[in-house]
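1. Kindly return the folded structure for what I paste below:
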Amino acid sequence: MREPYGQALILNNEKFLPHSKLGERKGSQMDVIRLETTFKSFGFEVDIKENKTASQMTQVVSEFVRGKNMSTVVIVLMSHGFNDMICGTDDLAVSIMDDILPLLGNSNEDLRGKFKLVITNACR
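-> Next up, the predicted model:
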């Protein structure tokens with residue numbers, strides 16, 4: 001069996017907590033299926049996480065990027081959002097620039113010198 005080319009994380013927030021002001025993102029499951037199929041066809045291992053609060057989103061990404069021994073890491077963030085923010089299921093937001101991208105930076109020795117791609121799909 002061939003080693004995977006890279007690893008992809010798809011984090012999709014479709015359903016939000018009952019008290020949330022944000023509506024359900026109907027149809028996002030089809031996006032998840034298509035992304036998973038596409039990345040697998042490119043030789044990636046794919047990890048899918050769904051319906052996470054803002055703090056859980058940061059934790060999931062942090063855990064995902066730790067100890068990666070792959071040439072390429074892809075992170076797909078799908079949720080409601082605004083500006084450079086992406087929303088958790090609890091209506092709180094995570095800054096892509098301040099909270100997510102630093103996890104992929106040069107301070108992460110596991111990812112130093114490796115190709116990193118972050119894709120966002122955020123309803124605004």
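
2. Now do the contacts for residue 24.
-> Contact analysis of residue 24 by C-beta atoms under 8 Å, 6 or more residues apart in numbering lists 14-16. All C-beta atoms are positioned from the backbone trio N, CA, C, and that covers glycine.

3. hmm, 10 Å instead?
-> 13-16 (C-beta atoms under 10 Å, 6 or more residues apart in numbering).

4. Report whether it is found in a strand, as I expect.
-> No - remark: residue 24 does not belong to a strand; assigned using DSSP: H, G, I helix; E, B strand; the rest coil, it is coil.

5. quick revisit: which one of the contacts of residue 24 sits in the busiest neighbourhood?
-> Neighbour count (other C-beta atoms under 10 Å) singles out residue 13 as the most crowded of the contacts of residue 24, with 29 neighbours.

6. which residue packs closest to it, ignoring adjacent ones?
-> Excluding the flanking residues, the one nearest residue 13 by C-beta to C-beta, 6 or more residues apart in numbering is residue 79, at 3.8 Å.

7. ok, what's across the strand from that neighbour?
-> For residue 79, the beta-bridge partners under DSSP bridges are residue 122.

8. can you check residue 10 too?
-> Beta-bridge partners, per DSSP bridges, of residue 10: residue 48, residue 76.

9. what's the distance between it and residue 113?
-> Separation of residue 10 from residue 113 (C-beta to C-beta, to the nearest Å) stands at 24 Å.

10. More neighbours: which of those two?
-> Between residue 10 and residue 113, counted using other C-beta under 10 Å, residue 10 has the larger neighbour count: 22 against 7.

11. Could you verify my assumption that that one touches residue 52?
-> No - judged on C-beta atoms under 10 Å, residue 10 makes no contact with residue 52 at a distance of 11.7 Å.

12. just to revisit the earlier point, and the residue nearest to residue 13, what is it in contact with?
-> 11-14, 16, 22, 25, 28, 51-52, 54, 57, 85-89, 93-94, 120-123.

13. Mind checking which of those land in strands?
-> Residues from the contacts of residue 79 lying in strands, with DSSP state E as the criterion: 11-12, 85-87, 93-94, 120-123.
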